[in-house]
Each structure stands twice: as C-alpha cells, then as structure tokens.
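>>> give the three-dimensional model of this entry:
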Amino acid sequence: MSATLRVTREGVGIELRRGRFEIVADGNGVGSIERHESMETPLEPGHHTLRIRAGRYSSPEHSFDVADGEVVNFRCHGAMIWPRYVASIVKPDLAISLKQE
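Numbering: from 1, shown residues only. Okay, the predicted model is just below:
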C-alpha cells in the first residue's frame, strides 16, 4: 500500500506570484498546479521533503513523515503582499508560501 500527498493552491486575496507552480517531492518533480487547483500523488510511507517552485522562485523546503494509507495535505500560494514579493527578488524562497494542514 502507499500514502498520498495532496497539494492545494489556494490563498486569500490576490497572488502576486502567478503562473504554474511545480511540485517537487524528495528532489523530483511530481506534478504542477495552477491557482484554485489540487493535485494528488502517491508516496511511499516514510520521511519526505516537499518544495513548490516557479522558475527560480520557491517555497522553503518542508520535511514530513507519512504512514501507510495516510493522506498528508499541504496548501500553497504565491506571495500576496508586496513587501514579501519584493523581498523574494533577493531571497527567492520567500516567493511561495507552503503550509501543512
């Protein structure tokens, strides 16, 4: 059996960082997501890392553990306030927010 990773792209307000985001689990691209979409992919049970990318911009990397048959949920969105958007030009991992639910 396997576990499931579910990523939803939804935020409150207007995203300043737009376009398609790539979902990277354990260093490998597993799919992509547009605003107001969700994506699911199977994972082996155990320890994993997740990052969302859009060109040179990204979220910070998140580590998580998932058990057999479990669904792990994350929510992401692009920068929604201009100071964070501007700061992401210098520090690209501020451009996308990623939270485990």
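>>> list the buried residues of the helix or strand bottoming out on mean pLDDT in the chain.
Lowest mean confidence among the helices and strands of the chain (mean pLDDT, DSSP states H and E): helix 82-90, at a mean of 88. Under the neighbour-count criterion of 16 or more other CB atoms under 10 Å, helix 82-90 has R84, Y85, S88 buried. For glycine as for every other residue, the C-beta is placed from the backbone atoms N, C-alpha and C.
>>> quick one: which of those is nearest L43?
Nearest to L43 among the buried residues of helix 82-90, counting by CB to CB, is S88 at 27.9 Å.
>>> listing partners with orientation, what would you give for whichever helix or strand E22 is part of?
Following DSSP states H and E, one finds E22 within strand 21-25. Here strand 21-25 is paired, per DSSP bridges, with strand 28-33 (antiparallel), strand 46-54 (antiparallel).
>>> cheers, nothing more for now.
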